[in-house]
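[1] fold the following and give me the result.
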Amino acid sequence: MLGYRHAFHAGNAADILKHSVLIFCLDYLGRKDTPYLCIDTHAGAGLYSLTDGYALQNREWERGIARLDAGAPDRAFPVLPAMLERLRVLARNFRPDAEDGGRYYPGSPALIRALLRPRDRAVCFELHPADFVVLTHVLGTDRRFSLRREDGFAGLKSLLPPPSRRACVFIDPPYEMKEDYKNLPRSLAEALRRFPTGLYIVWYPLLGNRDAALPETLIGLYRGNRCRAELRTASRTDRGMYGSGLVILNPPWTLKAALESALPVMAGLLGDGCGGWDLQWESPA
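    Next comes the predicted model:
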């Protein structure tokens, strides 16, 4: 697990999907005066250089945030949907403090920091020692944050329910180890037992050589309002990731229309001619 570095993938199509939804949900929670808690179980380094280091090896950001930065691709999408425009504007705000002239992409902790209000709080878990050092530097002395070099799956339950009874839990594991596929449902089930009314956003990869049952398992853990959104950006093969998805429990009611608008644009903009999308929205009978 400690070999995984998200910097290789920073700003790619999966980040566009997960981060646009995370921003939408935090904006929604911020409409009420009551403070909320945001929990990031696999925070990563928080901010990633796109002009130096790991991101240059695969340059996945060129097929992600770079295309979003370029705006609507053709007449089929003359204007970016509000959800994508919101991410594009926020991401453009992240520029280097140093004089290196480089470009950076914000990870989930940096985006959370940009959206938290004074009374809101956040907890970020990250196990990788090098990423944790960077994360500490990125968030600095922001007292709204608690940073923990711990396993997010194990640490989540101790934070629920929050005192305000309002929380967004963002679960974005690397899936580098097979145990992640077992630990995730267990951790989510325990979190739901303690705090069933929380807003949970769970990311998963679409991999040809992996068990496709994970999203169904996650959806099956909860019988309230829930949805599954998937974005495909490549043709399915037995090897490699051809897309990714989100399972969202207790989603904002306004998210359905936002995803119906944004997913086709993401598929067209990021899919290289073979993009596709699915949206499953379920409510209790």
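
[2] any chance you could map the strands in the stretch 151-285 of the chain?
    Secondary structure of the stretch 151-285 of the chain (DSSP state E, counting those that start in this stretch): strands at 167-171, 199-207, 226-232, 241-249, 276-282.

[3] so the third one versus strand 276-282, what angle?
    Between strand 226-232 and strand 276-282, the angle comes out at 180 degrees (axes from the mean of the first three to the mean of the last three CA atoms, to 10 degrees).

[4] also the second one?
    Going by the same axes, to 10 degrees, strand 199-207 is angled at 140 degrees with respect to strand 276-282.

[5] direction included, what does strand 199-207 pair against?
    If you go by DSSP bridges, strand 199-207 pairs up with strand 167-171 (parallel), strand 241-249 (antiparallel).

[6] any idea which of the ones you listed is most buried?
    strand 167-171 (a mean of 24; mean count of other CB atoms under 10 Å). In this view, the C-beta of every residue, glycine as well, is placed from N, C-alpha and C.

[7] do I have it right that residue 145 meets residue 125?
    No - between residue 145 and residue 125 there is no contact under CB atoms under 8 Å: 11.5 Å.

[8] number of nearby residues for the closest residue to residue 119 other than its chain neighbours?
    Excluding its sequence neighbours, the residue lying closest to residue 119 (CB to CB, 6 or more residues apart in numbering) is residue 35, at 4.0 Å. By the criterion of other CB atoms under 10 Å, residue 35 has 18 neighbours.

[9] how close does residue 35 sit to residue 22?
    Going from residue 35 to residue 22 by CB to CB, to the nearest Å gives 18 Å.

[10] now do the contacts for residue 87.
    16, 19-20, 23, 68 (CB atoms under 8 Å, 6 or more residues apart in numbering).

[11] spatially, what comes nearest to it if we skip its sequence neighbours?
    Nearest residue to residue 87 in three dimensions, chain neighbours excluded: residue 20, at 4.5 Å (CB to CB, 6+ apart).

[12] so which of the strands of the stretch 151-285 of the chain gets nearest residue 12?
    strand 241-249 (9.2 Å; CB to CB).

[13] now the strands paired with strand 199-207 in TSV, with distance to residue 129 and mean pLDDT?
    As requested, the strands paired with strand 199-207 are arranged in TSV below (distance: least, CB to CB, whole Å; pLDDT from 0 to 100):
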stretch	distance to residue 129	mean pLDDT
strand 167-171	21	98
strand 241-249	26	95
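
[14] let's have the ones you listed in CSV, adding distance to residue 223.
    Listed next are the strands paired with strand 199-207 as CSV, based on distance: least, CB to CB, whole Å:
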stretch, distance to residue 223
strand 167-171, 18
strand 241-249, 10
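
[15] relative to residue 259, which of the ones you listed is closest?
    Nearest to residue 259, of all the strands paired with strand 199-207, is strand 241-249, at 9.1 Å by CB to CB.

[16] just the residues contacting the closest one, thanks.
    Residues outside strand 241-249 that contact it (CB under 8 Å, 6+ apart) are 13-14, 17-18, 21, 25, 192, 198-208, 215, 218-219, 221-222, 224-236, 255, 276.

[17] cool, stretch 153-166 as well?
    Taking CB under 8 Å, 6+ apart as the rule, stretch 153-166 contacts 29, 32, 34-37, 39, 41, 121, 123, 125, 148, 167, 169, 171, 173, 183-184, 186-187, 190-191, 194-195, 197-198.
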